[in-house]
Every structure is written in structure tokens, then in C-alpha cells.
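> What shape does this take:
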Amino acid sequence: MSKTGLPPRRAAHHLLEEITGEGRLMSELIGGGALDHLAAEDRARAQRLATDALRGADRADRMLKPYLKKEPPETVQNALRLGVIELVSGEAAHGVVNAYVEIISLNKHVSSFKGLTNAVLRRISEEGEKGWNKRANPLTPGWLRQPLVAAWGRKSVEGIEAAHFAGAALDLTAKGDASVVAEAVGGVLLPNNTVRLKDAGQVSALPGFETGDWWVQDAAAAIPVQVLDPKPGMKILDLCAAPGGKTMQLAASGAAVTAVDQSHSRMARVKENLKRVGLKADCIISDAFDFTDDGFDAILLDAPCSATGTIRRHPDLPYAKDGSEFMELIEQQERLIDHALTLLKSGGKLVFCTCSLLPDEGEIQIDDALERHEGLTVDTATREKAGIDPAWFTEEGGIRLRPDYWADLGGMDGFYIAVMIKP
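Residues are numbered from 1 along each chain as shown. Next up is the predicted model:
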């Protein structure tokens, strides 16, 4: 670990620059080696700093605004955001201020702002945690907030934003008895039998990791398979399978599972996960539209989507994206539903799900699918499973999950789920 703390701070600043300026995702940056030059402890600190700054960016900006005559360049604003996050969390003001002044000084394009950086962060240090706590929860960037308010109403969106700001606990899906896993890891059981840990520490050090007793999976992400209700011997296709949490759920039921994904690296991860937990599935690397085997009893289609339901875990998303690619994703989802139906036997189940908060990627997709396919119906018989509140049932027969649901238990990712029956 660095003695000065400057390397992880510079790395965190670089992450913010790439996310807010270049539209790149945190996972893409870290997977591409953006933090590989740091020691392990500094890597963790840099990622944590950047994540916290993104999660609290709107609140940080509001705290900074009284001290800025006009908004500085984004590079400076990102340094100030990081400084705010550290100062309000109790870091020594002297070290924090000096570090971000140096970061600005080292950038010739904005070095003239080092005096402003110094003055503003010193003022923020005087406000400290008290000033931070009197500000409202951070708002979602406007390009996403507007459609969310239109869909769910302002009060509900405020609840969603509170869940986003709070972040996410670690959720585990048990291969066997969930209560045994909960006791072993010191977690609590959620209504759908997901095990939740608030302070998990290192995942691989938890009891049951080496023996494959569980895998990491948000509670909401476990519900699509639970409402599919797989049975031993069923022939089930997991289309767009990576990273494999749902594949493992299906395999654990005793079903004969075929997992398809077009990414070699992501499918390698699916195979690794299956091996660790001692489960089997036929893993095929293929574009979903090129896969033509048919006669499946059930298909799980976790379609590519905006991922707006995962902001609790990925606060970079609303800063890296602007919604411009959503129409292409929506059209792809339509095509995937149509293709999946050709692979399903008559009377078979198609579970469509997306980790999205947008009705265009959920409720509206199902309405449109029912119009395109005569005789296609939505099965509501399994909606009672998985501890689902009837208030989450939707008009067309699906299930809407939101981050503000189970708020007293720590929330969940946003998801939409519907079970369709092929005529």
C-alpha cells in the first residue's frame, strides 16, 4: 500500500475521468487493467473511492455549489467530488486537500485550478459530515430520472434513489438448504430464501465457498428461475446465460440444462462457477440467434438490456450512459423473444426477464409479444412463489421488482419477469 495515498487517489480520479468523460463502464476499465499497476490494497481503495464518488456525485455537487462561482472543468469537478467523499467520511483534511491539489497540479490542462481546489476543499472540510448529512439523497442523472418518474412517480423514484445511495449487501443463492448456509455465513434469510450478508468481507473466505455450497446472486436475480419452477428431468435452455447464476439454479433443480452465450470469456466464467459448485450444464458458445436446437420444455431468456436495475451495485452506469443505445436493445429483445419461441415446444414456458427499471424493457415488451403471437399467454400460476408481494404483480401478468422493495431488508435490484406459455 502506498504511504502517501496518492496512487489510489490518482487511479480513482482516472476511473471517474473515463466514466464521466469517455462513457466507459467501471467493469470494462478494471477488466482492461486500469488498476493493475497498483498493489492489491490500493486497487481496492481506488475502486471504493471511485464507486463512492459516483454514488454520491449529485450530493457532492450540491455541497460544492455554494463555493463555486461557475462549474469548473469536469476533470476538476471529479477531483472535488473525490475530495468531498473523503472529507465527509472522516479522512484527515490536510492529506486529502494536498492530494487533490497535487492531482490537479500534475494536469497541465487544469493546473490553474489548483488554488480553487485547495480553497474549496478546505471549506468543505469545515462542513464535514454534518454538512453532508443535511443534503438530500443524490438524484439520478436527468436523462434516466425523467423516464423513471414518468413510469413510477416521483415518490417511488425517491425511494429508488435512496436504495441506490445505500448500495447493496451481498446476496447468496444456496445450492441446498438455505438456512444451513445462512447459519454458516452469519446471514439472514430473505422471503425468497436468498441469504443476505451486510458485512461480508472477502467472498472467497466465507464458509462454503470452497465446497461450492452457494454462489453470489442478487435476490431479484434469483426470482426468474424460482417462478419458472424447474423440475428434475426438464429440458431447459438458458439463453444469454453468463455469468451463470441462473444456470446454476436451473442445474441444481435436476433439470437438463443447456447454457448459451456468445462470449468466450463470459462462458469460461460460467464453466468455472459450475465446476466450483459441482453442477453440470451443456455450455455452448454461440450467438443466440445462431442457436437453433429446439424442443425445450422451458427457456429462460435474461435478455441484454439497459441494466438500469443494477445501479445499486454499478453507480457508474448513469454517468457512463445516456440512453442513446436503448432503442437498439429494445428491438433486440423483441427479436430474442420471437427467436426463443421457435426453440420452445408447444405448451412450453418462456421466462423473459431484464434487469431494467424501464417499462419499455419489461411490461411493454410482453404486451407487444402477445400482439405479435396469436395464442401466446402469460402464466400467472407461479407468481405466488419466491416470497413475492402481490403488489409487485403487473397488469399484463408479469412481476415488477424495484430497488425500493424490501427496503427494510436492504432492497433488491430492479427486474422485470414474465412467464409466457407457447400455444
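> from here on, contacts and neighbour counts on C-alpha atoms
OK.
> Could I get the full set of helices for the stretch 101-250 of the chain?
114-133, 142-152, 154-166, 178-185, 219-228, 245-252 (DSSP state H, counting those that start in this stretch).
> Rounded mean pLDDT for stretch 276-286, please.
Stretch 276-286 carries an average pLDDT of 97.
> Quick one: distance of that stretch to the chain centre.
Centre-to-centre, stretch 276-286 and its host chain are 23 Å apart (CA atoms, centre = their mean, to the nearest Å).
> Any chance you could list what contacts it?
175, 210-215, 247-248, 251-252, 256-264, 267, 271, 274 (CA atoms under 8 Å, 6 or more residues apart in numbering).
> What subset of those residues is buried?
175, 212-215, 247-248, 251-252, 256-263, 267, 271, 274 (16 or more other CA atoms under 10 Å).
> Out of those, name the ones that lie in strands.
Among the buried ones among the contacts of stretch 276-286, the subset assigned to strands under DSSP state E consists of 214, 215, 256, 257, 258, 259, 260, 261.
> Can you spell out the domain ranges of the protein, please?
6-133, 220-421 (automatic domain parsing).
> who wins for proximity to residue 168 among these?
domain 220-421 (5.7 Å; CA to CA).
> and the end-to-end length of the closest one?
22 Å (CA to CA, to the nearest Å).
> Need the helices of the stretch 101-250 of the chain in TSV (columns: mean pLDDT and distance to residue 97).
What follows is the helices of the stretch 101-250 of the chain, written out as TSV (pLDDT from 0 to 100; distance: least, CA to CA, whole Å):
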stretch	mean pLDDT	distance to residue 97
helix 114-133	96	6
helix 142-152	97	30
helix 154-166	98	25
helix 178-185	97	40
helix 219-228	96	40
helix 245-252	98	43
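> deepest of those helices, which one?
helix 245-252 (a mean of 25; mean count of other CA atoms under 10 Å).
> tilt between that helix and strand 256-261?
170 degrees (axes from the mean of the first three to the mean of the last three CA atoms, to 10 degrees).
> what's helix 245-252 in contact with?
175, 215-217, 221-222, 225, 230, 236, 238, 241, 257, 259, 274, 279-281.
> Might one say that residue 293 is in contact with residue 343?
Yes - taking contacts as CA atoms under 8 Å, residue 293 lies within contact range of residue 343: 6.4 Å.
> more crowded one of these two?
residue 343 (20 against 10; other CA atoms under 10 Å).
> which residue packs closest to that one, ignoring adjacent ones?
residue 294 (4.0 Å; CA to CA, 6 or more residues apart in numbering).
> The one you found: what secondary structure?
coil (DSSP: H, G, I helix; E, B strand; the rest coil).
> Please name the residues that touch it.
342, 343, 344, 345.
> On the pLDDT front, check the first one for me.
The confidence metric pLDDT takes the value 98 at residue 342.
> That one should be in a helix, yeah?
Yes - Residue 342 forms part of a helix when assessed by three-state DSSP.
> picking that back up, so which of the ones in strands among the buried ones among the contacts of stretch 276-286 is the closest to residue 402?
Among those, and counting by CA to CA, the member closest to residue 402 is residue 215, at 22.1 Å.
> Separate out the buried members of the contacts of residue 294.
Buried among the contacts of residue 294 (16+ other CA under 10 Å): 343, 344, 345.
> what residues are up against the second one?
This points to residue 344. Counting by CA under 8 Å, 6+ apart, the residues that residue 344 touches are 294, 295, 296, 297, 298, 299, 350, 422.
> can you pick the most crowded of those?
Going by other CA under 10 Å, residue 298 tops the contacts of residue 344 with 29 neighbours.
> which residue ends up closest to the midpoint of this structure in space?
residue 310 (2.6 Å; CA atoms, centre = their mean).
> Quick check on the nearest residue to residue 77 once chain neighbours are set aside: phi, psi?
Leaving aside its sequence neighbours, residue 77 sits nearest to residue 71 (CA to CA, 6+ apart; 7.6 Å). For residue 71, the backbone dihedrals are phi -70, psi 130 (criterion: degrees, to the nearest 10).
> And for residue 71, the neighbour number?
12.
> pLDDT value on residue 201, please?
84.
> Give me the below-cutoff pLDDT ranges for the stretch 1-150 of the chain.
Scanning the stretch 1-150 of the chain for pLDDT under 70 picks out the ranges 1-4.
> ok so, going back, mind listing what the nearest residue to the residue nearest to the centre of the chain once chain neighbours are set aside touches?
Spatial nearest neighbour of residue 310, excluding adjacent residues (CA to CA, 6+ apart): residue 413 at 5.4 Å. Residues in contact with residue 413 (CA under 8 Å, 6+ apart) are 218, 219, 220, 221, 309, 310, 311, 312, 355, 401, 402, 403.
> could these be laid out in JSON lines, adding distance to residue 100?
Listed next are those as JSON lines, based on distance: CA to CA, whole Å:
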{"residue": "218", "distance to residue 100": "35"}
{"residue": "219", "distance to residue 100": "38"}
{"residue": "220", "distance to residue 100": "39"}
{"residue": "221", "distance to residue 100": "39"}
{"residue": "309", "distance to residue 100": "33"}
{"residue": "310", "distance to residue 100": "30"}
{"residue": "311", "distance to residue 100": "27"}
{"residue": "312", "distance to residue 100": "27"}
{"residue": "355", "distance to residue 100": "36"}
{"residue": "401", "distance to residue 100": "40"}
{"residue": "402", "distance to residue 100": "37"}
{"residue": "403", "distance to residue 100": "34"}
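> Give me the angle between the helix or strand residue 97 falls within and helix 114-133.
If you go by DSSP states H and E, residue 97 is part of helix 93-105. Going by the same axes, to 10 degrees, helix 93-105 is angled at 130 degrees with respect to helix 114-133.
> Just name whatever secondary elements helix 93-105 is in contact with.
Here helix 93-105 touches helix 6-22, helix 74-88, helix 114-133, going by 3 or more CA pairs under 8 Å, 6 or more residues apart in numbering; DSSP states H and E.
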